[in-house]
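Trainee: structure for this input, please:
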Amino acid sequence: MTSDFKDIAEFISETVDGCKFVGISDENEVFIEFDKNAPGREGAVATAIRTRFPRVEKVTVVIRPSIEEVKEMVDGLNKYLDEEPKKKDLLDIGSF
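Mentor: Residues are numbered from 1 along each chain as shown. You can find the predicted model right below:
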């Protein structure tokens, strides 16, 4: 499958606007990322990749949140843990 790495990356960059190739796993899973949230497009892109490259077992969309989004999630989790004292030991990730 690694020989398809370049072909898949080129196919995605040439045919799918706003989509980037991230990588391939040893299990023939292709990882892609969209510049913006693209509901509905993910399925069509995954189908196009699997059709063009039959050895691809699965296509997974990678979402990379911004640092602000991660901070908001951590703050929300910390607030929840503060409000639920009996679950305080559930997850101690400290402050962010």
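
Trainee: from here on, contacts and neighbour counts on C-alpha atoms
Mentor: OK.

Trainee: after the helix or strand where D7 lies, next one along is what?
Mentor: Element membership for D7 (DSSP states H and E) is helix 5-15. Going down the chain from helix 5-15, the next helix or strand is strand 19-24, by DSSP H and E.

Trainee: now for that next one, which elements pack on it?
Mentor: Counting contacts by 3 or more Cα pairs under 8 Å, 6 or more residues apart in numbering; DSSP states H and E, strand 19-24 packs against helix 5-15, strand 29-34.

Trainee: and the shortest one, how far out from the chain middle?
Mentor: A distance of 7 Å separates the centroid of the chain from that of strand 29-34, by Cα atoms, centre = their mean, to the nearest Å.

Trainee: elements contacting it?
Mentor: Judged by 3+ Cα pairs under 8 Å, 6+ apart, strand 29-34 is in contact with strand 19-24, strand 58-61.

Trainee: so for whichever helix or strand comes after that strand, mean pLDDT?
Mentor: Per DSSP H and E, the first helix or strand lying C-terminal to strand 29-34 is helix 41-52. Across helix 41-52, the average pLDDT comes to 90.

Trainee: how about helix 41-52: buried residues?
Mentor: For helix 41-52, the neighbour count (16 or more other Cα atoms under 10 Å) marks 42, 45-46, 49-50 as buried.

Trainee: run the angle between it and helix 5-15 for me.
Mentor: With axes from the mean of the first three to the mean of the last three Cα atoms, to 10 degrees as the basis, helix 41-52 and helix 5-15 are set at 130 degrees to each other.

Trainee: distance of I8 from E72?
Mentor: From I8 across to E72, the span is 35 Å (Cα to Cα, to the nearest Å).
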